[in-house]
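> No letters, just coordinates:
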Ligand code: AMP
């Protein structure tokens, strides 16, 4: 497993693989790897000859400096976790090399209709930062496919739209959310939770499941279901930002007659901001 921090070394390796007709799959991450990340890497391994993982805590996507500096950076632990997976290359750029002229001078990729809904509304500039770094990484890595987790469902749609709108020659593959036994979606941010809060945090999954069950049993009063789920989260001790029932395809508010829905939630618990989502198909 090669560990590379220089863009030109990455380019040389990629060029050589392409010369030998190897297909390349890419898994971008911010590190502090857990089983959820590893499941993406395993999927990538099934789909291509070579797998590249990037580890980069992207300052451009943080709207809050305290959040950025607190984000867990555990490179040695990450490399130890990656070793048995036999992935081919880990790319670990640094912020100075990614944004040599500073973030204020950086050309940005803007995906429309994202800043006014769900996480976009609560994290100013977040998805512009995500789209920009992913576009940059795609250009550096030149992969055939990239695997993204459904855990960050809005992010997955933002990336898919960017790729379609800018005709980027890469295929985006979604991968399902890995959860703890109690239903809590695995996340680097779960580290901010105490043991008791980790148990409490499974409430998010329970509330998602309950709302989905009600819809599947015929309840179509989406505004009321959203309100009830939000209130339930508050009763459980969360500080919810949103609990929304949306159309899976474009994350517009769900209407009667929509068949493929996505239930999405963001809620704070102690020091952690947790997000989760669940599919609800009525077909
Ligand atoms: P992050 O390091 O949080 O930026 O995540 C890197 C990739 O891993 C993204 O595509 C995430 O959606 C994905 N991911 C994060 N948590 C999980 C999880 N619990 N299950 C599956 N994929 C995940």
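Right, received. Where do you want to start? Nothing here was measured: the structure is a model prediction, and the numbers come from that model. Residues are numbered from 1 along each chain as shown.

> alpha carbons only for contacts and neighbour counts from here, please
Will do.

> State the pLDDT value of the closest residue to residue 102 other than its chain neighbours.
Distances taken as C-alpha to C-alpha, 6 or more residues apart in numbering put residue 96 closest to residue 102, at 7.7 Å, once the chain neighbours are dropped. Residue 96 is assigned a predicted lDDT (pLDDT) of 92.

> helices or strands up against the helix or strand encompassing residue 96?
Element membership for residue 96 (DSSP states H and E) is helix 95-98. Counting contacts by 3 or more C-alpha pairs under 8 Å, 6 or more residues apart in numbering; DSSP states H and E, helix 95-98 packs against no other helix or strand.

> hmm, who's touching stretch 172-192?
Stretch 172-192 has contacts (C-alpha atoms under 8 Å, 6 or more residues apart in numbering) with 32-36, 39-40, 43, 71-72, 145-151, 156, 159-160, 198-199, 201-206, 270-274, 276.

> How about it and the ligand, touching?
Yes. Using C-alpha under 6 Å from any ligand atom, stretch 172-192 reaches the ligand at 176, 177, 178, 179, 185, 186, 187.

> Sort out which residues of that stretch are buried, please.
172-175, 177-179, 184-190, 192 (16 or more other C-alpha atoms under 10 Å).

> Which of those fall in strands?
Residues from the buried residues of stretch 172-192 lying in strands, with DSSP state E as the criterion: 172, 173, 174, 175.

> In CSV, list those along with pLDDT.
As requested, these are arranged in CSV below (pLDDT from 0 to 100):
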residue, pLDDT
172, 98
173, 98
174, 98
175, 98
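
> Pick the one among the residues you listed closest to the ligand.
Of all those, the ligand sits closest to residue 175, with 6.2 Å by C-alpha to the nearest ligand atom.

> Can you show me the helices along the stretch 51-200 of the chain?
For the stretch 51-200 of the chain, the helices defined by DSSP state H, counting those that start in this stretch occupy 65-70, 75-82, 95-98, 118-122, 126-141, 153-165, 195-201.

> quick one, what contacts residue 38?
residue 82 are the contacts of residue 38 under C-alpha under 8 Å, 6+ apart.

> For burial, what's the neighbour tally of residue 235?
Counted with other C-alpha atoms under 10 Å, residues neighbouring residue 235 total 10.

> Stretch 10-26: which residues count as buried?
Across stretch 10-26, burial judged by 16+ other C-alpha under 10 Å covers 10, 14, 23, 24, 25, 26.

> from these, which two are the most distant?
Distances among the buried residues of stretch 10-26 were taken as C-alpha to C-alpha; the most separated pair is 10 and 23, at 15.1 Å.

> ok, back up a step: can you list which of the contacts of stretch 172-192 are found in strands?
145, 146, 147, 148, 149, 272, 273, 274, 276.

> Tell me if residue 25 really is in a strand.
Yes. Checked against DSSP: H, G, I helix; E, B strand; the rest coil, residue 25 lies within a strand.

> so it bridges to which residues?
residue 51, residue 145 (DSSP bridges).

> pretty sure it contacts residue 147?
Yes. Assessed by C-alpha atoms under 8 Å, residue 25 is found in contact with residue 147 at 7.4 Å.
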